[in-house]
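Trainee: Dropping the sequence and predicted coords here.
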Amino acid sequence: METATFNETKGIIVEDCCNNYAETVITRHDGSEFVLYIDQTNQSNKVFSTELMEYWSLARKEQTS
């Protein structure tokens, strides 16, 4: 299982994919990456994607302050 803390994360890209799935690519500062496939037919999964981006953005702001 792949993991990355917000501090280890360089980038997050969420793209709509086929069959109602979103592809979320997590890129670490060392250049390695992994992909999450999220079912977008479930409203709570859409909330997850949105909140993931919000928390990551907040963590980045805290790192640069």
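Mentor: Structure received.

Trainee: got the contact list for stretch 36-51?
Mentor: When contacts are defined by Cβ atoms under 8 Å, 6 or more residues apart in numbering, stretch 36-51 is touched by residues Val14, Asp16, Cys17, Asn20, Tyr21, Ala22, Glu23, Thr24, Ile26. For glycine as for every other residue, the C-beta is placed from the backbone atoms N, C-alpha and C.

Trainee: Could you identify the buried members of these?
Mentor: When the contacts of stretch 36-51 are checked for burial by 16 or more other Cβ atoms under 10 Å, the buried set is Val14, Tyr21, Ala22, Thr24, Ile26.

Trainee: and the residues you listed, which of them are in strands?
Mentor: Mapping the buried ones among the contacts of stretch 36-51 onto strands (DSSP state E) picks out Val14, Tyr21, Ala22, Thr24, Ile26.

Trainee: Hmm, the fourth one is touching Leu52, no?
Mentor: Yes: using Cβ atoms under 8 Å, Thr24 makes contact with Leu52 at a distance of 7.2 Å.

Trainee: and for the two, which residues touch both?
Mentor: Counting by Cβ under 8 Å, 6+ apart, the residues touching both Thr24 and Leu52 are Ile12, Val14.
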